[in-house]
Each structure stands twice: as C-alpha cells, then as structure tokens.
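1. With the sequence up front, the predicted model follows.
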Amino acid sequence: MKPGTLRVVITGASSGIGAATAIAFARQGARLVLGARGREGLADIAQRCEAAGGEAQFGVVDVTDATAVKRFAREARAALGGIDLWFSDVGIGVVGKYVEVPIDDHRRVIDTNLVSHMNDAHAVLPIFQQQGHGIWVNMISAGGYVASPYAVAYSASKFGLRGFSEALRGELHDRPHIHVCDVYPTFVDTPGFAHAGNYTGARLSYPPGTLKPETVADAIVRLARRPRPTTVVGMPSSMLKLSQFAAPLSGPLMKRFLDKWSARADPTRDTTGTMYAPDGRASGIHSGQRRPEASPKPALAVGAALAAVALGIQLLRQRRS
C-alpha cells in the first residue's frame, strides 16, 4: 500500500507523539482523522497537517467513554471510506508515592492509559475484520517493561497494555492482514510532564538524551509499510527485554534515584495536571526542555546497565542452582 493512499486515525493527536505522527503521515499525503479531548490542540495540529500536504479532519472525543469511541470510529470510517491504520496514543501519568496520590487519580491513569486503548481496539477491530486488513498501533513505552516507583499506576497501565496486545495478537493469529503493533520509546520530549499529575513537591523535568517526538513518529510511519509486533525506540530491544530480569534491583535503584531527584529539584505545588480536563490551549509537540546537544547515549547507557544487572542476576541464579 502506498503511503499517500493511507487512511489514518489517531487518538491522542492534539499534542506530543500523536501530533508529531499526524504531521509525519500528512507529509506522506495521508488522509487523517484526529481525536482528543482538546479542540484547540486538535485544530492546531489539523492545520499543521494540511500545511504539510495531508488532509486532516478532527473530532473531540474522550476515549475513556466506550460509546463515544464507537461513534468516533464510525464517523472516521465514513469520512475516510475505510481505516488502514489506527494509532492509539492517549496517555497520562501521575507522579508521587503511591499512598500519597488519591486513589481516584490512580484510577484515572488506568482508565486513560489502559481502558481507553481497549476501547479504541474494540471500536476499530470490527472495521478491520470487515475490510480484511488493518493496522492497530498501540503506544506503550519502555515503562511496559521497566516498572517505575513514584508512578505505580502508570507502570500498571503500561504492563497491562503489553499483556493486552500479546493476547490480542493471539486471537488474531488467523487474520494475517490485521496487525497489532506495539511501540516502546524511552523518554520523549513532549508536554507529557506538564500535563501529568504531580504529588512529589518537585518540578518534573526530562533527563538528558530524551528522544524527539519526530523520531518516534518516523518509526510509526514505517509500521504502515512494514508492520511488526514490537518496535523499541531509544535503545536496542534486547536490552529492554533483558531489563525484566533486573526487576529485583532496578526498582530499589530507581526509587533511590527519584528520592535524590525530588530533594534537588525546584519545588512546586501539587497538581492533577490535565487528567480530568484538557488543556484549554494548543500545547504543541515538544516540552521545550530538551537540550539540542543532548544525544540518546544516556538512554542507551541505562539500557546497558539494566541488561548488565539482568545478566548478573541470571548468572548468580545459575551458580546457586
């Protein structure tokens, strides 16, 4: 299928990776329907898509509402004449010690990061089955393999998304032209931290080596030409998978790092961010924090360290057995 003929739907398209991906597809001449809660952000990105050479329509939708997602999918299909690729990119986070974060905020993260992606898939898979083809791209993140203290609900949602995709691929095994593609980036320079709930008392900031959203967007565009189950962006996939063996050590090490970080960071007030209401303005693609001279080497170093810890644990287990 030529990129210019693609009919693409993106939820979570008003900012960050979703917005960057919309523009990347538009540059290929794709026809798009964009969805999110914020009208201002959607209008901004739709305009950028048109300027990039694509055709973009948008609809305001809260993807935690399954009925609304079904309606959005029907309208997108009618507008495009079919759907070739659906990118589920909605995501939010809340940062803070588990018991210090209100349980309603934890539940909101699960609804947004996990249930909404299930709603997306439930709405679009029947369309794919009727067409006989389709690509569902599931944005997960490296957090689907590496759990993070201070972001317990986020970790639960991302681990859940990974299991959901794996099970779904099993169900669709006899449908070779319907693909479920997971994407696992490391830290990405988006407005995500500005949108997050924060109960740490410390201002959130990205580490050196943070990826550009456009880098992730390019990887997603490639999936339209060559779908694959797993795409890792920012470190070798082998390192990410090996990091699971490091869990007994990586969790405490991560907590120690976050304790030191929160003590040094600039203070700020507690906030729920945009978890319960969209930003009232267009927030764009980038956070504005990324340093141009930064490279992905720190992310690779983290991956290498996790892999080394994993290997050490495995060797230790073998010696004891």
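-> In hand now; what should we look at?

2. Look up how far G273 lies from R108.
-> In this structure, R108 lies at 10 Å from G273, with Cβ to Cβ, to the nearest Å as the measure. Placement of C-beta: from N, CA and C, glycine included.

3. Next, show the common contact partners of those two.
-> Counting by Cβ atoms under 8 Å, 6 or more residues apart in numbering, the contacts common to R108 and G273 are I92, V94.

4. can you give me the strands in the stretch 51-200 of the chain?
-> In the stretch 51-200 of the chain, the strands defined using DSSP state E, counting those that start in this stretch lie at 55-60, 85-88, 94-95, 134-139, 178-185, 197-198.

5. Identify the bridge partners of the residue nearest in space to the middle of the chain.
-> Centroid-nearest residue in the chain: M139, 3.7 Å away (criterion: Cα atoms, centre = their mean). The residues listed as beta-bridge partners of M139 by DSSP bridges are V183.

6. re the thing from before, may I see the strands of the stretch 51-200 of the chain arranged in TSV, with mean pLDDT as well?
-> Converted to TSV, the strands of the stretch 51-200 of the chain look like this (pLDDT from 0 to 100):
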stretch	mean pLDDT
strand 55-60	98
strand 85-88	98
strand 94-95	95
strand 134-139	98
strand 178-185	97
strand 197-198	95
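
7. closest to L6 out of these?
-> For these, the distance to L6 is smallest for strand 85-88, at 6.2 Å, taking Cβ to Cβ.

8. just checking, what packs against the closest one?
-> The contact analysis (3 or more Cβ pairs under 8 Å, 6 or more residues apart in numbering; DSSP states H and E) places strand 85-88 against strand 7-11, helix 116-131, strand 134-139, helix 213-225.

9. Surely T272 touches D105?
-> Yes: the criterion here is Cβ atoms under 8 Å, and T272 meets it with D105 at 6.4 Å.

10. what's the neighbour count on T186?
-> Other residues within reach of T186, judged by other Cβ atoms under 10 Å, total 24.

11. Could you find the closest non-adjacent residue to it?
-> Distance criterion Cβ to Cβ, 6 or more residues apart in numbering; nearest residue to T186, sequence neighbours excluded, is G234 at 3.3 Å.

12. wouldn't F187 be in contact with G209 here?
-> Yes: here F187 reaches G209: they are 7.4 Å apart, a contact under Cβ under 8 Å.
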